[in-house]
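A.B. asks: Quick check, what structure comes out for this input:
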Amino acid sequence: MANPISDEIHTSVRDLIHHITTYEPDTERFATLEKTTLSTIKKSDTMYFLNTKDIKKAIWSMGEKFMFHGFFKHADYLKQTHDKYIDRNLSESDLTPRLNVVKFLLCLSTNPTTCFWKDPDKFAFIDEREEPEEVVDWGAYLSEGIGRWSPVRDDSFQEQSESDEESHFGKVSVGDKGAAARPVITEARDVQEYDFRAARTELVESVQNGWYNGEVICMKPPSDWFDASVGILWEQHLHKQVNNLIEIEPVTVISEYKVIREVLWQMWGPHSSTVFELSNKLVPRANVTISSVCSMTFEGFLRVFMPYIEMLDDFRQFNQQLNDKVCETYKSYGHSVQKIMSSVFKGLIEIENEVREQENTMTLLNLADKFEKIFQPVLVLKNIHQEVVLDDFQGRSRLECALTLLTRLRTSLQFSVKKLEQDIKLTLYLESLFYYFTMINAWLVKNDLFDHTEEFIILNKNTKISSICDNCQMNFALQDRVSDFSKDGIVRIISDQVLQIGRNIHLLRLLGKFDVFSKGEETIHQEFVRRVLQELSAYYDYATSGTENPTVDKPSSTFDSNEMGDWTNFVDLSDGFLAIAFDGFYSIEEKKVEATLFEKIRDVTTNLFPLQNLPERILSQILKERFTISGLMVKTLLIENYSLDKQFDFLNHIFLFSDDLIFPFYRRLFEKMNTTNANWGNSVWLTSHLQDVIMDLYPTFSDDCSVQVKDFWKQCRDSLEACTLLNVQYDIKWPLSIIITTEHIAMYKEVFHFLLKLKWALYTVNHLFFTDLEPKKKSAKSRAPKPTTTKRLKYLRFNLINILNTIQHYFFGFVFAKYRIQFELDFEKSNDLKSLIASHEDFIKSIHGSMVEIRDKKRNQHGFNTLMKCVKILKVMWNELEYATGENLDNCHKVYKESFEVVNAVVNPVFVFDY
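C.D. replies: Numbering: from 1, shown residues only. Next up, the predicted model:
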């Protein structure tokens, strides 16, 4: 390390050593470990950029080292501990410290296998198996004092065993018609002899015998009826008819019981067996039958079970494809599929147990009938699966896969035709939303929006090096192509409401409000599912049983009723003999297993349920109840701590000339422009004058406001052009810059330039006095203008004053007043960051749009700008009468007339007062 180890790190290292090794400080062993640890830290780097893949690779490499040296138990324990400690569902904030701890322990580990060899007893804790308890030989104990007895040996057993050894797999063997011999119960001895007869009986009843491993076998039925041996008699008939002229493949004949067992085994995974053959596809073997049916008919009947085997295998392969490259939404969907199919596998297990017990007669027809009932959910599930899952989902983007699955499931819910179909679709949809709702809960409650799969709708663009301003404005955005799925209600809610709530909460945390929301007892997904079930229960008037958490009831016992205390003090349940002996004295109730979501929905519904907008309504209610306060807090905080409302008024007064507050400023500016003073564009003087005007009303904002004039203002002699060279500069500070953006300030400045020109034009024409047209001396009467010229100049002045006042009254009396009132209403109604931004943005855009309509509307190159030029020309002719020629007056009047027609159509519309 570049810097010496601090006392804080040193203390932490000592605490870590004491916690791991339990050695007391100031001991020799503790000092040795402390010295080694500090030396390792000094030699190591100070920065680690860890990920789960590298840590897992290091742990697995160490496990391989353990196994190479023979420490298999240590290796398994190391991997299990890693999987338990580094959970893949941890958030980034929780995962990083754990990775650092594992990396630190890896750096500290030196020669672990040597420690295992030197101190084997110290590391014996890895073997967690209990010590074998002393087992009492109750057979020897109970037979004590009884004479020894042994049965007469069965000679036929040896002969039959030898004949079995000499038989060839290709040779057809005939099963015994009689039942299996009853095993002999041997006496208890110190050294127990092997019971060959019992072992042979067990072998016959298991799968590891000739009928499963042999090539051809013929098991004759115990019945002598003709119908029971139709298949065997038919094969014999065929062999007799061809008389060995045609080679006929021998047929394997096994019992129906064994065929049923093989059919059941195939449900757990297709494989080659006596009855079925697996190559590219699982098919029934053509040369296998049962004794009562010929092989061709039997093969056709077995195909009834093939769709069930294929469906289960298709779902099994789908689950195998759900690796780390697949989106988490698909994994949630696959988990839901497995839980729906769990009832099918439970039914298969019950059937297999029934077949094994052989208490009732089970035939293939009975089996097909049972399969038809228990596989109904799987048949419906298969059709839904083919409809909602993309065929090539592994090659598509995770966002597309997730949104396609959710939107298709939501749409298909509206078109369900059966109760079972709707129940399965609703279950799949609710559980497929798990990842999306988990991301929402983590973002809104824990401020952790880390989407490692990039399948969530909202993308976190924030980086650790972003500024605070960028952190608030640009870090959360919708991913591309989300608009393609905007018709879905849940997608719209997440894109709109969740995004805005997340921004509100993020801003509150940046402003120091960290304790706004508590985690609560339920996540958003848990509450969402619970409310859906409540809606279903209310619709069907279904009484819920309250909590369904699995509990274990205390076992009841007759010991307690007899006041004998706790019966477990008398009976050790781990001892099978005592458990059976005391079976009548106690009873243990089994654990209550919580029902799956599919089972809950299936129990509640009785027919089709009108879903309509139920999921969207419930999600909106949850967001409203939990997070509505966030938007109100944002508004209150911005108004009380940052004076947002006063900021709006300040902008209106400065840039929009509201209440003509800056009249002294621009009046003084125009006066200097009209004089020969060449210092009218001094930025220091203009800034000082503006600040003096606004200081009394806005003392906190005046210092941030300044006036800037372009560098070439001294060369400008045109007062109209000078209006465009002047800019009022005002920078909005964070966090108000989130609402009042730089684009909005640019619009304010454009409106300011427009109004400044309008004020200049009014100031100019109002300062054209009639006395200026009269000669000052009697000797100058000969140079006085003609009466016609004077009248035309006055007429033109009157027309310009009229149209300019009309523009001013239209803008301030109609446009500004109308949108100002609307803005105040919208601002009062706003309850979050989005509505605050929208209210101000609508206001300034409306004002700016009305201004642009007046300024830029033209016809034959005439409009507002040419009207300003008319004012400038009139001023020149008014002050310099020699320029007031008839031609100039005609041209000026013509320009005015065409400009008036363009501007007047905007400022005097028919509907101007309809508001």
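A.B. asks: Is D224 in a helix, a strand, or coil?
C.D. replies: Classification of D224 using DSSP: H, G, I helix; E, B strand; the rest coil returns coil.
A.B. asks: so where do the strands sit in the stretch 401-550 of the chain?
C.D. replies: Taking DSSP state E, counting those that start in this stretch as the criterion, the stretch 401-550 of the chain carries its strands at 458-460, 476-478.
A.B. asks: Mean neighbour count, those: which tops it?
C.D. replies: Among the strands of the stretch 401-550 of the chain, judged by mean count of other C-beta atoms under 10 Å, the one packed with the most neighbours on average is strand 458-460 (a mean of 18). (C-beta placed from N, C-alpha, C; glycine too.)
A.B. asks: hmm, who's touching it?
C.D. replies: Contacting residues not belonging to strand 458-460 are listed as 439, 443, 449-451, 475-479, 494-495, 498-499, 502 [C-beta atoms under 8 Å, 6 or more residues apart in numbering].
A.B. asks: thinking again about what came up before, will you turn the strands of the stretch 401-550 of the chain into CSV that also has mean pLDDT and distance to A286?
C.D. replies: Conversion of the strands of the stretch 401-550 of the chain to CSV gives the following (pLDDT from 0 to 100; distance: least, C-beta to C-beta, whole Å):
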stretch, mean pLDDT, distance to A286
strand 458-460, 86, 58
strand 476-478, 84, 59
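A.B. asks: can you put those in CSV and add distance to Q394?
C.D. replies: Below are these laid out as CSV (distance: least, C-beta to C-beta, whole Å):
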stretch, distance to Q394
strand 458-460, 22
strand 476-478, 25
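A.B. asks: Which of the contacts of strand 458-460 sits closest to S279?
C.D. replies: Here the nearest of those to S279, counting by C-beta to C-beta, is D451; it sits at 43.3 Å.
A.B. asks: which ones are touching I801?
C.D. replies: Applying C-beta under 8 Å, 6+ apart, we find I801 in contact with 762, 765-766.
A.B. asks: cool, F301 as well?
C.D. replies: When the contact criterion is C-beta under 8 Å, 6+ apart, the partners of F301 are 293, 364.
A.B. asks: Can you tell me the element it falls in?
C.D. replies: Here F301, judged by DSSP states H and E, is contained in helix 295-302.
A.B. asks: Which elements pack onto the helix or strand following that helix?
C.D. replies: Once helix 295-302 ends, the next helix or strand along the chain (criterion: DSSP H and E) is helix 306-320. Helices and strands touching helix 306-320, by 3 or more C-beta pairs under 8 Å, 6 or more residues apart in numbering; DSSP states H and E, are strand 282-284, helix 328-357, helix 376-388.
A.B. asks: I'd like those as CSV, with distance to Y819 and mean pLDDT appended.
C.D. replies: Formatted as CSV, the entries for the helices and strands packed on helix 306-320 read as follows, by distance: least, C-beta to C-beta, whole Å; pLDDT from 0 to 100:
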stretch, distance to Y819, mean pLDDT
strand 282-284, 74, 91
helix 328-357, 45, 92
helix 376-388, 48, 93
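A.B. asks: out of the contacts of I801, which are inside helices?
C.D. replies: Mapping the contacts of I801 onto helices (DSSP state H) picks out 762, 765-766.
A.B. asks: quick one: the strands in the stretch 651-800 of the chain?
C.D. replies: Per DSSP E, counting those that start in this stretch, the stretch 651-800 of the chain has strands spanning 705-709, 726-730. These are given in chain order.
A.B. asks: Can you get me a residue count around the residue nearest to I837 when sequence neighbours are not counted?
C.D. replies: Distance criterion C-beta to C-beta, 6 or more residues apart in numbering; nearest residue to I837, sequence neighbours excluded, is I739 at 5.2 Å. Close neighbours of I739, defined as other C-beta atoms under 10 Å, add up to 22.
A.B. asks: Next up, the contacts around I739.
C.D. replies: Contacts of I739 were listed using C-beta under 8 Å, 6+ apart, and they are 638, 644, 833, 836-837, 840.
A.B. asks: Now with 10 Å, please.
C.D. replies: With contacts defined as C-beta atoms under 10 Å, 6 or more residues apart in numbering, I739 is in contact with 634, 638, 642, 644, 647-648, 732, 830, 833, 836-841.
A.B. asks: Which one of the contacts of strand 458-460 is nearest to F754?
C.D. replies: The shortest gap between F754 and any of the contacts of strand 458-460 belongs to A477, at 33.8 Å (C-beta to C-beta).
A.B. asks: can you pull out the helices in the stretch 501-650 of the chain?
C.D. replies: Shown for the stretch 501-650 of the chain, the helices assigned by DSSP state H, counting those that start in this stretch span residues 524-540, 558-561, 576-581, 597-604, 614-642, 644-655.
A.B. asks: Those: lowest mean pLDDT?
C.D. replies: Ranked by mean pLDDT, these bottom out at helix 558-561, with a mean of 46.
A.B. asks: I figured Y436 hits I490, correct?
C.D. replies: Yes - the pair Y436 and I490 passes the contact test of C-beta atoms under 10 Å, sitting 7.9 Å apart.
A.B. asks: Name the residues contacting each of the two.
C.D. replies: With contacts taken as C-beta under 10 Å, 6+ apart, the residues that reach both Y436 and I490 are 403, 406, 457, 498.
A.B. asks: Tabulate those (CSV), appending neighbour count and pLDDT.
C.D. replies: What follows is these, written out as CSV (neighbours: other C-beta atoms under 10 Å; pLDDT from 0 to 100):
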residue, neighbour count, pLDDT
L403, 24, 93
L406, 22, 94
I457, 21, 91
V498, 24, 89
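A.B. asks: returning to that earlier point: give the ChimeraX command for selecting the buried subset of the contacts of I801.
C.D. replies: Command for ChimeraX, covering only those of these found buried under the criterion 16 or more other C-beta atoms under 10 Å:
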select :762,765
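A.B. asks: Please identify which of Y436 and I490 sits among more neighbours.
C.D. replies: Y436 (26 against 22).
A.B. asks: Need the nearest residue in space to the more buried one, chain neighbours excluded.
C.D. replies: Excluding its sequence neighbours, the residue lying closest to Y436 (C-beta to C-beta, 6+ apart) is F456, at 6.5 Å.
A.B. asks: returning to that earlier point: what's the closest of the contacts of I739 to V263?
C.D. replies: When the contacts of I739 are compared for distance to V263 (C-beta to C-beta), L833 wins out at 62.7 Å.
A.B. asks: Spell out which residues sit in contact with the residue nearest to L426 when sequence neighbours are not counted, please.
C.D. replies: If you skip the residues right next to it in sequence, L426 has I601 as its closest partner in space, 5.9 Å away by C-beta to C-beta, 6+ apart. If you count contacts by C-beta under 10 Å, 6+ apart, I601 has them with 419, 422-424, 426-427, 430, 529, 532-533, 536, 595, 609.
A.B. asks: from these, which is closest to E616?
C.D. replies: For the contacts of I601, the minimum distance to E616 (C-beta to C-beta) is 11.5 Å, reached by V532.
A.B. asks: quick one: the closest one and E431 touch, right?
C.D. replies: No - counting by C-beta under 10 Å, V532 does not reach E431; the two are 11.3 Å apart.
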